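[1] Show me how the following folds:
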Amino acid sequence: MPVTPRETLKTLPAYAAGKPPTPAEGLTPYKLSSNENPLGPVPAVAEAIAAVDTLHRYPNPTAESLRAAIAETYGVDAEDVVAGTGSLGALTQIINTFAGTRSDGGQDEVIYAWRSFEAYPIVVRTAGAKDIMIPVTQDGRHDLEAMLAAITENTRVILLCTPNNPTGPALTHTEVAEFLDRVPEDIVVVIDEAYHEFVRIEDPVDSLALCRSHPNVAVLRTFSKAHGLATLRVGYSIARQEITQHLRVVTVPFTVSTLGETAAVASLQHLDQVEDRVEELVEERQRVRAALLRTGWQIPEAQGNFLWLPLGEKSLDFAHEAGVQALAVRAFDGDGVRVTIGEPEANDRLIALCTTYTRAACAELTE
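    Have a look, this model is predicted:
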């Protein structure tokens with residue numbers, strides 16, 4: 001018989017990374033499909049990386065310098081921080097630690113909103129756990145009441161993605177605090193904040209305060225988005241030591257490279273410059289969303305570095321039209337299209353495309 005993988009692999013959806021743009025004559029191509037930061041990292045990062053002369057040496061096994069810098073920046077204990085390969089790596093550590101297939105053959109359950117980050121089902125099912133998908137509301141928000149109602153004796157982890165990727169809305173501190181008060185204390189609640197720097201709402205989630213008041217809360221963050229270090233894969237979780245002591249058991253040594261650690265520390269040391277770049281992208285996000293709303297688009301609240309176009313069955317068609325304009329966007333067939341906020345020229349081209357597309361759709365309805 002041929003070698004065969006675990007049966008679990010048959011249940012895994014394929015992760016579809018954002019594709020690069022297709023060149024078009026006379027047009028500069030732009031990739032708006034991966035929620036990358038078009039402004040890149042702050043200048044100090046390049047300087048710090050250039051000074052690294054230890055590529056022949058293994059990195060620090062537990063990223064002590066990075067954890068110390070995070071602890072100093074955010075006022076937490078370094079022992080509360082566990083580094084990972086991006087926030088996805090940090091999430092994988094949590095799921096592998098707290099959810100899987102039990103010794104009796106039963107499956108632990110992980111609850112999360114859907115549509116949300118498309119890697120969630122891959123991570124959960126690979127661990128041997130059962131994922132419980134709770135549909136988002138019509139405006140792309142978490143249905144927290146439905147998530148609470150889905151809790152069973154088998155629930156081990158709940159994921160809250162805020163702002164939600166790909167739909168955009170962010171949870172408020174009040175609603176998350178009230179949610180946590182109703183979740184059993186033996187269930188780990190993960191607040192996935194890959195885009196938290198971009199949030200501009202009243203009553204934003206203070207996840208670190210929730211960590212201090214709830215021993216079952218873990219926070220995920222990354223240097224891939226606001227800090228512009230996507231290629232270096234640096235992320236981390238923050239939680240009380242009731243959680244982190246177990247995460248370290250499953251964490252693979254040398255998770256973060258020396259280059260990644262050096263770059264992340266340098267970026268934290270120039271956080272004011274990072275925040276300036278984030279503000280520039282937030283202003284672009286608001287400009288683009290306002291322009292689309294004026295042309296008749298129904299765009300959910302956008303609190304990340306992207307917009308969600310709820311196109312449903314027209315998602316692939318729109319992605320094709322964007323490709324003709326040398327814009328790569330991320331289509332979720334049957335649901336919608338996520339578009340990263342990119343360079344101003346790319347955003348202007350998107351606005352023009354959306355204006356034309358809306359008029360074409362209206363013409364179809366009146367024929």
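[2] hey, where'd the helices end up in this protein?
    43-50, 64-74, 86-98, 120-126, 144-149, 173-181, 207-213, 241-250, 258-268, 271-294, 315-324, 344-366 (DSSP state H).
[3] export those helices to a markdown table and tack on mean neighbour count, mean pLDDT and distance to residue 105?
    The way it works is simple: take the backbone N, C-alpha and C, and place the C-beta from them, glycine included. Shown next, in a markdown table, are the helices of the chain (neighbours: other C-beta atoms under 10 Å; pLDDT from 0 to 100; distance: least, C-beta to C-beta, whole Å):
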| stretch | mean neighbour count | mean pLDDT | distance to residue 105 |
| --- | --- | --- | --- |
| helix 43-50 | 15 | 98 | 48 |
| helix 64-74 | 17 | 98 | 37 |
| helix 86-98 | 24 | 97 | 18 |
| helix 120-126 | 21 | 97 | 16 |
| helix 144-149 | 15 | 98 | 26 |
| helix 173-181 | 16 | 98 | 31 |
| helix 207-213 | 17 | 97 | 34 |
| helix 241-250 | 15 | 96 | 21 |
| helix 258-268 | 23 | 98 | 39 |
| helix 271-294 | 16 | 98 | 47 |
| helix 315-324 | 17 | 96 | 39 |
| helix 344-366 | 15 | 79 | 50 |
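[4] looking at the ones you listed, which is closest to residue 8?
    Closest to residue 8 of those is helix 120-126 (C-beta to C-beta; 5.8 Å).
[5] that older thread, of all the helices of the chain, which one is nearest residue 190?
    Across the helices of the chain, residue 190 has its closest neighbour in helix 86-98 (5.9 Å, C-beta to C-beta).
[6] packing partners for that closest one?
    Judged by 3 or more C-beta pairs under 8 Å, 6 or more residues apart in numbering; DSSP states H and E, the packing partners of helix 86-98 are strand 81-84, helix 120-126, strand 155-161, strand 188-192, strand 217-222, strand 235-239, helix 241-250.
[7] Turn those into a markdown table, including distance to residue 101.
    Listed next are the helices and strands packed on helix 86-98 as a markdown table, based on distance: least, C-beta to C-beta, whole Å:
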| stretch | distance to residue 101 |
| --- | --- |
| strand 81-84 | 23 |
| helix 120-126 | 11 |
| strand 155-161 | 11 |
| strand 188-192 | 17 |
| strand 217-222 | 21 |
| strand 235-239 | 23 |
| helix 241-250 | 15 |
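[8] so which of these comes closest to residue 309?
    Nearest to residue 309 among the helices and strands packed on helix 86-98 is strand 155-161; the distance by C-beta to C-beta comes to 18.6 Å.
[9] Pull up the pairing partners for the closest one, direction included.
    Partners of strand 155-161 in the sheet, by DSSP bridges, are strand 109-114 (parallel), strand 188-192 (parallel).
[10] Give me the contact list for the first one.
    Contacts with strand 109-114, where a contact means C-beta atoms under 8 Å, 6 or more residues apart in numbering, come from 95, 99, 120, 124, 129-136, 142-143, 147, 150-152, 154-161, 164.
[11] returning to that earlier point: what about the helices and strands packed on helix 86-98, which gets the closest to residue 317?
    Closest among the helices and strands packed on helix 86-98, using C-beta to C-beta: helix 120-126, at 25.6 Å.
[12] Could you point out which of the helices and strands packed on helix 86-98 sits nearest residue 258?
    Comparing the helices and strands packed on helix 86-98 by C-beta to C-beta, strand 81-84 comes nearest, at 12.3 Å.
[13] Go through the closest one and flag the buried ones.
    81, 82, 83, 84 (16 or more other C-beta atoms under 10 Å).
[14] Give me the buried entries from the contacts of strand 109-114.
    Listed as buried from the contacts of strand 109-114 are 95, 99, 120, 124, 129-134, 136, 142, 147, 150-151, 155-161, 164; burial here means 16+ other C-beta under 10 Å.
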